[in-house]
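> What would the 3D arrangement of this be:
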Amino acid sequence: MVLNASLWQILHFKGVKMSKIIAANFKSNLTRAKVCAYAEGLESLLKSLNVPCKSETCKNASLGEGLQDSAIQPKSHLQVSIFPSATALLDDSFAHFHIGAQNAYFAQSGGFTGEITLKQLEEFRISHLLIGHSERRTLFGESQDFINEKFRFFKEAGFSIYYCIGEFLEVREKGENALKEFLSKQLSGIDTSYSKLIIAYEPIWAIGTGVSASLKQIESTHKMLSQLTDAPLLYGGSVNANNASEILSLPYVNGVLVGSASFELEGFGEIIRAGIKSS
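Residues are numbered from 1 along each chain as shown. I've put the predicted structure just below:
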């Protein structure tokens with residue numbers, strides 16, 4: 001049987017350099033003042049590392065022959081996004097990284113107390129969004145149907161969607177077939193061919209526990225997911241400066257979604273450097 005390998009992996013094996021995606025989920029941490037300082041520091045860091053500007057990334061991709069000149073070729077192949085809490089959202093106007101939202105309701109505006117909607121995000125020029133995070137599913141009761149509605153709405157709005165999936169430990173312990181069935185259900189109703197879809201695999205038992213999945217577990221799960229979608233695949237779950245290099249060097253891993261290890265720029269910077277080395 002011939003496997004339908006991810007487009008990202010086909011290009012990788014053909015020697016085409018693909019951008020790694022490094023994303024930070026601040027959750028309910030970091031005040032607005034701290035996020036402002038963090039963002040300024042991150043912008044300076046990425047510039048010093050020769051990470052191309054967001055606009056330059058798109059422009060350079062269409063230059064063709066111009067990129068053959070190593071003098072103008074960007075040193076780093078990297079996409080960086082940070083996801084602050086709603087009260088700390090900043091205008092997505094930084095040159096080298098995106099500001100994204102951790103959550104939003106699927107409406108232009110309206111009577112949705114405690115939520116933020118499309119109009120609020122548009123004011124900040126935000127077009128990147130986390131959907132399906134396990135904490136939204138488990139703590140706030142977001143069902144698959146609810147998540148599907150959110151996905152469809154923000155897909156229609158043209159957002160880059162970081163779609164999170166992941167299993168409980170008891171599912172993992174039942175074996176590969178149970179794992180595939182569980183993750184497939186979390187993808188049901190989602191357009192896995194959407195061009196702005198990024199899938200973040202975060203085993204629930206590894207989130208915030210300090211215990212990451214093993215390299216073998218990460219690789220095998222990402223390989224399985226690559227047969228279901230061509231979307232880039234991120235790993236999340238206790239990613240830190242010590243294990244990022246090994247994780248990012250794995251086949252089928254196109255980036256990482258970082259939690260607590262991203263709260264301080266110094267640690268997140270080390271993960272960014274690991275992403276550059278693996279690109």
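
> Start from the N-terminal end of this structure and give the helices.
7-13, 32-48, 54-61, 118-123, 134-138, 144-156, 169-173, 176-187, 215-226, 244-248, 265-278 (DSSP state H).

> Would you mark the buried spots in the longest one?
Buried residues in helix 32-48, counted by 16 or more other Cβ atoms under 10 Å: 34, 35, 38, 39, 42, 43, 45, 46. Every residue, glycine included, has its C-beta placed from N, CA and C.

> and if you look at stretch 19-36?
19, 20, 21, 22, 23, 24, 25, 26, 27, 30, 34, 35.

> chain center to stretch 217-228, what's the gap?
16 Å (Cα atoms, centre = their mean, to the nearest Å).

> One more: stretch 185-203?
Relative to its parent chain, stretch 185-203 has a centroid offset of 11 Å by Cα atoms, centre = their mean.

> quick one on the thing from earlier: any chance of a markdown table for the buried residues of stretch 19-36, columns distance to residue 229 and pLDDT?
Putting the buried residues of stretch 19-36 into a markdown table (distance: Cβ to Cβ, whole Å; pLDDT from 0 to 100) gives the following:
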| residue | distance to residue 229 | pLDDT |
| --- | --- | --- |
| 19 | 17 | 85 |
| 20 | 18 | 96 |
| 21 | 15 | 98 |
| 22 | 20 | 99 |
| 23 | 17 | 99 |
| 24 | 23 | 99 |
| 25 | 21 | 99 |
| 26 | 26 | 99 |
| 27 | 26 | 98 |
| 30 | 31 | 98 |
| 34 | 35 | 99 |
| 35 | 31 | 99 |
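
> Can you report how many residues neighbour the residue lying closest to residue 80 once chain neighbours are set aside?
Leaving aside its chain neighbours, residue 80 sits nearest to residue 97 (3.9 Å; criterion: Cβ to Cβ, 6 or more residues apart in numbering). Residues contacting residue 97 under the criterion other Cβ atoms under 10 Å number 24.

> Run a quick check on residue 97 versus residue 42, I expect a contact.
Yes - using Cβ atoms under 8 Å, residue 97 makes contact with residue 42 at a distance of 6.1 Å.

> so what sits against both of the two?
Taking Cβ atoms under 8 Å, 6 or more residues apart in numbering as the contact rule, residue 97 and residue 42 both touch 80, 82.

> Which pLDDT value belongs to the residue nearest to residue 80?
Listed pLDDT for residue 97 reads 98.

> before we move on, what about residue 2?
The per-residue pLDDT of residue 2 was computed as 36.

> just the one 4 residues further on next, same as before
As predicted, residue 6 sits at a pLDDT of 49.
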